[in-house]
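> show me how the following folds:
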Amino acid sequence: MTMAKQPRQLAGRVAAITGAARGIGRATAQAFVSEGIRVAIGDVDLAAAEETARALGGDTIALPLDVTDRESVRSFLDQVEQRLGPLDVLVNNAGIMPLGPFIEESDEATRRQVDINVYGVVHGMKEVLPRFVSRGQGHLVNIASAAGKAGYAGGATYCGTKHYVVGLSEAVRAELRGSGIEVSCVMPGVVNTELTSGMGTARAVKTVEPTDVAEAIVDALKVPRFDVFVPKSIGPIGAVMGLFPRRGREAVGRALKADQLLTQVDPAARAAYELRAARSARALEPGEREEVRP
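From the prediction side, this is the model:
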């Protein structure tokens, strides 16, 4: 008879979350604070991050962060450790999801997604992992997506970036085996944030709240695991679908209307988000904000 793992105590630990002024990042920060974790919020929109930090209270701090710039990421982590202490957890959360047919996607939109969704994660990992390795401990949490396990029409580049995050996370986890460092890859389905505004719906695809994702992340810190599906049903559904030949998988996807999830969208409902995603650069115009993901 095997004994269940005892959940790790999180109170007093230090965590940094990228793109955490709103959405999943904010919900995760809130959940961490409730567990007694000292949290640093990094965001390109410093004013929004500061507002969130004030609302969360505790020792929560807000710092400027542009995940596309490795120097900015290094400075962010340095400041976190100077103000809160050695970092125990990094959540690579920042991301954007412009939608539309691939052949109509501008080079700028493609590059921006790769810069934030791919390089944003890479920069965070390259800057935090040497710190973890030197201490022999730490927990890396990468926010990917269920779109990192399958491709969906209407979000080709986004899906590609999330496939990268899943593959990168798996490979680095293997490289770090036995080092004392944990790696978790979070793969939510449709989450009720501005990023998914105006999207279509699919049968058997449950929309979850940012708090659901945050709760799953806290659970993965307490009892470490790599695959963090939200909702949990995504995992076994994906495993079963993987047993089907491709034509069968695609037929099931069409029957469930999963193939329309990112194509049947309301442009008016997504207009504000798409504008922010397109302009989420280092020098934002007044009032503009960077959206976060997953």
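> show me where the stretch 51-200 of the chain has strands.
In order along the chain, the stretch 51-200 of the chain carries the following strands (DSSP state E, counting those that start in this stretch): 61-64, 89-92, 138-143, 181-188.
> deepest of those strands, which one?
Mean neighbour count, computed with mean count of other Cβ atoms under 10 Å, is highest for strand 89-92 among the strands of the stretch 51-200 of the chain, reaching a mean of 27. In this view, the C-beta of every residue, glycine as well, is placed from N, C-alpha and C.
> what sits up against that strand?
Under the contact criterion Cβ atoms under 8 Å, 6 or more residues apart in numbering, strand 89-92 has outside partners 13-18, 20, 25, 28, 32, 37, 67, 77, 120-121, 124-125, 128, 138-143, 217, 221.
> repeat for stretch 165-184
With contact meaning Cβ under 8 Å, 6+ apart, stretch 165-184 is reached by 117-118, 121-122, 125, 129, 132-133, 136-145, 148-149, 185, 187, 217, 220-221, 224-226, 228.
> just the buried members of these?
Among the contacts of stretch 165-184, those classed as buried by neighbour count (16 or more other Cβ atoms under 10 Å) are 117-118, 121-122, 125, 129, 132, 138-145, 148-149, 185, 187, 217, 220-221, 228.
> quick one: which of the contacts of strand 89-92 sit in helices?
Secondary structure assignment (DSSP state H) places Gly25, Thr28, Phe32, Leu77, Gly120, Val121, Gly124, Met125, Val128, Ile217, Leu221 from the contacts of strand 89-92 within helices.
> closest one of those to His163?
Checking these against His163 by Cβ to Cβ gives Val121 as the nearest, at 12.2 Å.
> check contacts around the closest one.
Contacts here follow Cβ under 8 Å, 6+ apart; on that basis Val121 touches Val67, Asn92, Asn142, Val165, Leu168.
> then Thr18?
Contacts for Thr18 (Cβ under 8 Å, 6+ apart) come out as 25, 42-43, 65, 67, 76, 90-94, 120, 124, 292.
> point out the least confident member of those residues, please.
Least confident by pLDDT among those: that is Val292, with 38.
> okay, now the unreliable bits of the stretch 101-250 of the chain?
Across the stretch 101-250 of the chain, the stretches falling below the confidence threshold (pLDDT under 70) are 191-205, 233-246, 248-250.
> quick one: stretch 184-193 to chain centroid distance?
Stretch 184-193 has its C-alpha centroid displaced from the chain centroid by 7 Å (Cα atoms, centre = their mean, to the nearest Å).
> beta partners of the residue lying closest to Gly19 once chain neighbours are set aside?
Ranked by Cβ to Cβ, 6 or more residues apart in numbering and with sequence neighbours excluded, the top spatial neighbour of Gly19 is Ala94, at 2.9 Å. Partner residues in beta bridges with Ala94, using DSSP bridges, are Val292.
> can you get me a residue count around Ala94?
As a burial measure, Ala94 scores 31 neighbours (other Cβ atoms under 10 Å).
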